[in-house]
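# Next one to model:
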Amino acid sequence: MGSNKDRGPQRPPVGLLYDERMCRHSTPDGEPHPECPDRIRSIWEKLKSEGIPQRCVVLNGKEAEDEHIASVHTDGHIKLIKAISSKQFDPRRDKIASKFNSIYLNKGSSEAAYLAAGSVVEVCKRVAEGELSSGFAIVRPPGHHAEADEAMGFCLFNNIAIGAHFLLDKPELGIKKILIVDWDVHHGNGTQKMFYEDPRVLFFSVHRFDFGSFYPAGGDGAYCMIGEGPGAGYNINVPWEHGHCGDADYDVIWDHVLIPIAKDYNPDIILISAGFDAAINDPLGGCRITPYGYSLLLMKLMQFAQGKIVMALEGGYNLTSLANSVLACVKTLLEEKTINGSLRDYPFESTWRVIQQVRHELKSFWPSLALELPQELLACSRTLTQAQLNYYVSSDSDVENEEGPSSEVFSANVVEGVEDMIQPFLNLSVGEDKHGETKTSDHKTNNLDSSERHTVPEASDSKDIYKNISSWRIAYSKIDIWYATFGSNMWEPRFLCYIRGGQVEGMSRPCHGSLDESLPKSVMWKTFPHRLFFARSHSVTWGMGGVAFLHPENNTNEKVHMCLYRITLEQFNDILLQENVVVQHRDTPLFDLSSLQFVSENKSKVLEELKCGWYPNVLYLGKDDNLPILTMTCPLSTVEECKSGKVPMIGASKEYMKVLVKGLVEGKQFTQDDAIAYINEAATKSL
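As a prediction, the model looks like this:
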């Protein structure tokens, strides 16, 4: 990079903000926790050991003003965080914290939260004014999970969102367009919601998603969440399908998604939600970015906004990798010398798949994404090995780097000691492919020949999260329904994967299974006046080719053959979740008795929580033996997208076709030739 004295006119200095007062936020009884005061202390000590503060402008923390916090948070939330450390809250503080998701509170929490938010505002202001060329706010508690009225995920105030709104609310600063880059390993759900309809902020989050099962779980981090109204196209999610992603994976995301969009957007300033829990050896993230990798990502961003970059610390829970990664970033901001390293691996095959999904979703907003990626580029990839699969199915704290076991993971034996506290952040269950096939199981499929069955590594029992059985499960285990299937689930061994877990031949991903593994009480076949069709271009489980959908509306000129299984409403909930991305513990049912009543009266209901899945629409098809017949399919909007060509319509893949034919033939609906003709007609007939 060369030294500053070789560059002609001197650039404004780089700012560093650190304040020991933010260390006063700690667990009430001093018990170990990943989000601990030593996180920022270790960073500061590392920077001092390298003489970095002497080459920067060092700033003290500054508490945020309520009016700035109120730009993104409700009055009630502000009042709670402000008062939480007062003496009157002493006896109630733990109880209040328990009502939030992954939050602790103590006497120092209020001050730290105000300092974290205000410090980010201070650095933003000085960079925007030109006093600093760029800056790093070493703050805690982190912020990107905090929502308007809720603290969650170790976050009290949304620091980066408060800083962004401050800049937008000060026209004299000349900031009209802000790019927020969130490279924390967890999705920045809070930041996304605060700017979801605002084109003044382009929000980009690359995160481990695991098909909706990785914290904060659900569908908010899916690639189809692109913003609404005037903000449509300005929300970009890059959701990893698994852990283990490293420098090469992030680098190609920058080159083929973020950088082309940033060129078109031309931001006035870049704010980075700088979490370092995707770093190698982090106990919560399970990814593998090196300090060199972070420096490379940052260097590519410095070509925009005249280098005006504000970095605000988010996650990062291995003290060594955290400190080394921050050091690499500050050195990059200083432009003093090159960080040593190289990109040794190819990206994962799944990384290219995610890139293509994201580009397809956003190409109408950003024309630079419309071009197809060259096949020779896509060929430069690697697949996930069985050893890596075992790694990310098991504890994320067991990762080792090439040099040996991970070192100094925030405190000795802390993963075991705080497992209950940080459980939402661990990979409790690995998610599904985009049309709903889950990826892990600790059970073998029942009633299958050994040649048709694959077992799953028993590295951990993901169903342990259900040890405390919710009351709704007990009640719903006594309610029977008919689940009507029209796709691969017509073949009973395939359907039983959703009940017992596992996979059958042709599936590349095993299923998680239901908590209730009891077999269907009975099976029967019926026909219904609906249209069967095939859409989507590929799925992770079945490869290239479409998968089956049922037109949500009746059509007396059509006839679809369906296999019905008598199962419990509890099992139906588990299948619905597995078919639609979300595999996680729920205290309440997704499809409850009121939903059942609704569909019996209105024929269908699209479940909002599953809107990013492929089968969020539950249809009521009548009754048999006085039990409701339910199925799941796409909403009508997807049918319209198929008609317009936005969603491709294509025939079934070879492996998927085999399973469909087996179901129809073994169910005595068709001969093999007639079954193939039935499927081909459904796949080729125009909607």
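# quick one: contacts for the closest residue to residue 324 other than its chain neighbours?
Nearest residue to residue 324, sequence neighbours excluded (CB to CB, 6 or more residues apart in numbering): residue 291, at 4.7 Å. Every residue, glycine included, has its C-beta placed from N, CA and C. Counting by CB atoms under 8 Å, 6 or more residues apart in numbering, residue 291 makes contact with 279, 321, 324, 325, 327, 328, 339, 341.
# for residue 616, same thing?
Taking CB under 8 Å, 6+ apart as the criterion, residue 616 is in contact with 580, 606, 607, 610, 632, 634, 635.
# Out of those, list just those in strands.
If you go by DSSP state E, the contacts of residue 616 have 606, 632 in strands.
# which one of the contacts of residue 616 is nearest residue 193?
residue 610 (18.1 Å; CB to CB).
# now the closest one: how far from residue 52?
With distances taken as CB to CB, to the nearest Å, residue 610 is found 47 Å from residue 52.
# Name the residues of the helix ranked longest in the chain that are buried.
In the chain, assigned by DSSP state H, the helix with the most residues is helix 109-129. Neighbour-count burial for helix 109-129, counted by 16 or more other CB atoms under 10 Å, picks out 109-128.
# Does anything pack onto it? Which helices or strands?
strand 14-17, strand 57-59, helix 66-69, helix 75-83, strand 134-137, helix 159-168, strand 269-274, strand 309-313 (3 or more CB pairs under 8 Å, 6 or more residues apart in numbering; DSSP states H and E).
# Indicate which one of those is closest to residue 601.
Nearest of those (CB to CB): helix 75-83, 36.6 Å.
# Next secondary structure after the closest one?
Sequence order places helix 93-98 as the next helix or strand after helix 75-83, per DSSP states H and E.
# How about residues contacting that following helix?
Contacts of helix 93-98 (CB under 8 Å, 6+ apart): 28, 80, 84, 89, 103, 104, 105, 106.
# Please name the residues that touch the fifth one.
So the one you mean is residue 103. By CB under 8 Å, 6+ apart, the neighbours of residue 103 are 97, 151, 152, 153, 154, 156.
# And the closest residue to the fourth one other than its chain neighbours, how close does it get to residue 123?
The shortest distance from residue 153 to any non-neighbouring residue, by CB to CB, 6+ apart, is to residue 145 (3.2 Å). Residue 145 sits 21 Å away from residue 123, taking CB to CB as the criterion.
# hang on, the earlier thing: who has more neighbours, residue 610 and residue 52?
The residue with more neighbours, out of residue 610 and residue 52, is residue 610; 26 against 22, by other CB atoms under 10 Å.
# Chain neighbours aside, what residue packs nearest to the more buried one?
Here the residue nearest residue 610, using CB to CB, 6+ apart, is residue 616, at 3.6 Å.
# Ok, residue 197 next?
residue 231 (4.0 Å).
# contacting residues for the residue nearest to residue 174 when sequence neighbours are not counted?
Closest residue to residue 174 apart from its sequence neighbours, by CB to CB, 6+ apart: residue 268 at 6.7 Å. By CB under 8 Å, 6+ apart, the residues touching residue 268 are 174, 175, 176, 177, 178, 305, 308.
# where does the residue nearest to residue 610 fall, phi/psi-wise?
phi -90, psi -10 (degrees, to the nearest 10).
# swap in residue 322?
Per degrees, to the nearest 10, the backbone of residue 322 is at phi -60, psi -50.
# Can you get me a residue count around it?
Residue 322 has 27 nearby residues by other CB under 10 Å.
# Could you check the pLDDT of the residue nearest to it when sequence neighbours are not counted?
Distances taken as CB to CB, 6+ apart place residue 316 nearest to residue 322, at 3.9 Å, with adjacent residues excluded. You'll see residue 316 listed with a pLDDT of 97.
# And the one 5 residues further on, by the same measure?
At residue 321, the model reports a pLDDT of 96.
# May I ask you to confirm that it is in contact with residue 275?
No. Using CB atoms under 8 Å, residue 321 makes no contact with residue 275, being 11.9 Å away.
# Quick check on these two: which one has the bigger neighbour count.
residue 321 (29 against 26).
# In contact with the more buried one, which residues are there?
Contact partners of residue 321, counting by CB under 8 Å, 6+ apart, are 276, 279, 280, 281, 282, 291.
# Contacts only, for residue 561.
Listed by CB under 8 Å, 6+ apart, the contact set of residue 561 reads 486, 490, 525, 527, 664, 667, 669, 670, 678.
# quick one: it and residue 98, what's the gap?
From residue 561 to residue 98 the distance is 51 Å (CB to CB).
# Give the helix, strand or coil label for residue 680.
Recorded secondary structure, residue 680: helix (DSSP: H, G, I helix; E, B strand; the rest coil).
# likewise residue 350?
From three-state DSSP, the assignment for residue 350 is helix.
# Who's the closest spatial neighbour of it, skipping the chain neighbours?
Residue 350 sits nearest to residue 241 (CB to CB, 6+ apart), 4.5 Å away.
# just checking, the one you found touches residue 211?
Yes. With contact defined as CB under 8 Å, residue 241 counts as touching residue 211 (6.5 Å).
# from the contacts of residue 268, which ones fall inside helices?
Per DSSP H, the subset of those in helices is empty.
# The residues you listed: which two are farthest apart?
By the measure CB to CB, 176 and 308 form the most distant pair in the contacts of residue 268, at 12.9 Å.
# which of the two has more neighbours?
Taking residue 176 and residue 308 together and counting by other CB under 10 Å, residue 308 has the greater number of neighbours (22 against 12).
# phi, psi of that one?
Dihedral pair for residue 308: phi -80, psi 100, per degrees, to the nearest 10.
# Could you pull up the residues touching it?
127, 128, 133, 134, 268, 269, 270.
# now residue 300, nearest residue through space, not along the chain?
Nearest in space to residue 300, with sequence neighbours left out and distances taken as CB to CB, 6+ apart, is residue 254 at 5.3 Å.
# Need the phi and psi values for the one you found.
Torsion angles, degrees, to the nearest 10, at residue 254: phi -60, psi -50.
# was I right about it contacting residue 298?
No. Counting by CB under 8 Å, residue 254 stays clear of residue 298, with 10.1 Å between them.
# that older thread, farthest pair within the contacts of residue 103?
97 and 153 (12.9 Å).
# Give me the more crowded residue out of those two.
Using other CB under 10 Å, the more surrounded residue of residue 97 and residue 153 is residue 153, with 29 against 18.
# Got phi/psi on the more buried one?
phi 60, psi 50.
# hang on, it packs against residue 101?
Yes. Here residue 153 reaches residue 101: they are 6.4 Å apart, a contact under CB under 8 Å.
# where's residue 561 relative to residue 225, distance?
As judged by CB to CB, residue 561 and residue 225 stand 35 Å apart.
# With residue 11 instead?
As judged by CB to CB, residue 11 and residue 225 stand 37 Å apart.
# Then residue 676?
From residue 676 over to residue 225 the distance is 38 Å, taken as CB to CB.
# which one of those two has more residues nearby?
The neighbour comparison of residue 676 against residue 225 (other CB under 10 Å) goes to residue 225, with 22 against 17.
# Touching, the more buried one and residue 235? I think so.
Yes. Applying CB under 8 Å, one finds residue 225 in contact with residue 235, separated by 6.1 Å.
# what's in contact with stretch 194-202?
72, 147-148, 158, 161, 164-165, 168, 176-180, 203, 227-231, 233-236, 261-262, 265, 267.
# can we see that at 6 Å?
Residues outside stretch 194-202 that contact it (CB atoms under 6 Å, 6 or more residues apart in numbering) are 72, 161, 164, 168, 178-179, 203, 227-231, 234-235, 265.
# Right, I'll leave it there.
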